[in-house]
Structures are given as C-alpha cells and as structure tokens.
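Asks: Sequence first, predicted coordinates after that:
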Amino acid sequence: MLDEQATARIDLAKQRLRARLLARRRTALAALTAGGAGTGAGLGAGDAGGLAPRILALPEVARATCVAAYVGLPGEPELGDLLDRLLAAGTQVLLPTLRTDLDLDFRTYLGTLVPGALGTREPPSAAPVGDLGLAGVVIVPALAVDRRGRRLGRGGGSYDRALVRVAAQATVIAVVHDQELLDHVPTAPHDRGVHLVVTPSRILHCGPDGVTGEHPEPSTG
C-alpha cells in the first residue's frame, strides 16, 4: 500500500509524461495534416493500413471467437479496417461505450458506428451489450507502454476499471506508436498492465519481472 506522498509522486510523474506525449501527438497530427503522410514526426508513415493485418495474424487473435477492441481517436495509431476484417472472419467484436461513472460498457459491433463521448465513435445504443469477460483478446489504446507491460492511459481510469473484468486467460494488447514504447512508465498498484505491445515496427511480449522478448512476427501472406 503506497502512502500519500508516494501516490502523489506517481500521479505527478504520470501527469507530466501524459502531457508530453499528448503534445507530441498533437504536433505530429498537425504536421501530418498540413504536409501529407510521413511528415508528422512521431506518427510514422508505417502506421496507415499496416497494423490491421499484423494484429489479425497474431495467433492469440486468430483463435479468439470474441475480441474487444476500440475505434481510434485522431493521433492514435491507425488500425485501418481491423474491425470489419474481424467481423468478416466471424469474430464477435466488442467496442467500448463510456458510462457516466467513467467505467466502460461494451457493445457488439455490427458494422455501424455513431458519435460517442469525448470525440469517440461507438456502436449505437440498440446494439447488444457484450460480456467483456468472454473476450479472448482485448485490444486497448495507450499513450505509452513499457517493457513490463505497464500502460499509461489518458487519465480517466476507464480502462483500468474495465480490465478488472477481463478473463484471467485473455490476452491484453496495447497499440502505440514506435516512440511510445518506453523503458519505464510510472504506475500505481491499481493500474492494469498488458501482455503484448504492437507498434508499426514491433510486436513485444511483456513478461513478468521485466523479462521481455520479441513476439514471433506473424505471417500476413
């Protein structure tokens, strides 16, 4: 159990890192918009369209009958047509909707999205509510992840609340830009980690006690 001073130090470190990463994403997105693909330092030309086939080819994803994912915000790594390709393969796809208490509900994606809270897009309210505990893979956004799988989110704590409900055998995957895979991310005991990190150029398995390794790169052919 952390004391108040230790908690305050962690919170301050997270706030400062979060502010730097968000500023870098905003700068990169503005440059990309103004100058065309590949000019936004930090976004990377390899993002667009390249992540979906690599994620789909992961054995953990290929064998999952239910995958929880998300619709990216501007500046986040571009997942391309991942959702529709999962749907076409017969996979049940769950997408988050933000609740008033900042927790997340998950609804079944049936091919239609509507505007959601905080600039997100989500399934319409008529879409069936899904059980996150049935997802074999949970793909989450992040501002940064380190080699132990420690994840930094946007600060609302929504995913930390939701990930408590993920099955113990499920694989949690974070998707970040290459520059957002860091050596250390400050975290508190309640922060939920991830098992795999996918970037435009790498797939990293995050093991216990900081033991990490390159995940076997799946064949997309």
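Replies: That came through fine.
Asks: Give me the longest strand you can find in the chain.
Replies: Ranked by residue count under DSSP state E, the longest strand found in the chain is strand 92-98.
Asks: what's downstream of that strand, the next helix or strand?
Replies: Later in the chain than strand 92-98, the nearest helix or strand by DSSP states H and E is strand 104-108.
Asks: Going by neighbour count, which residues in that next one are buried?
Replies: 104, 106, 107 (16 or more other CB atoms under 10 Å). Bear in mind the C-beta positions are built from the backbone N, C-alpha and C, glycine included.
Asks: what's the angle between the longest strand of the chain and strand 104-108?
Replies: 140 degrees (axes from the mean of the first three to the mean of the last three CA atoms, to 10 degrees).
Asks: The chain should start at 14 in everything you say after this.
Replies: Shifting the count to begin at 14 puts that one at strand 105-111.
Asks: Would you pull up how far strand 105-111 lies from the middle of the chain?
Replies: 13 Å (CA atoms, centre = their mean, to the nearest Å).
Asks: Okay, now the sheet partners of it, with direction.
Replies: When pairing is defined by DSSP bridges, strand 105-111 lines up against strand 79-81 (parallel), strand 117-121 (antiparallel).
Asks: Switch these over to CSV; also include mean pLDDT and distance to residue 138.
Replies: Shown next, in CSV, are the strands paired with strand 105-111 (pLDDT from 0 to 100; distance: least, CB to CB, whole Å):
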stretch, mean pLDDT, distance to residue 138
strand 79-81, 98, 18
strand 117-121, 96, 8
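Asks: Put together a markdown table for those strands, with distance to residue 110 on each row.
Replies: Output for the strands paired with strand 105-111, formatted as a markdown table (distance: least, CB to CB, whole Å):
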| stretch | distance to residue 110 |
| --- | --- |
| strand 79-81 | 12 |
| strand 117-121 | 5 |
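Asks: where does this structure have low pLDDT?
Replies: When residues are selected by pLDDT under 70, those of the chain lie in 14, 48-62, 221-234.
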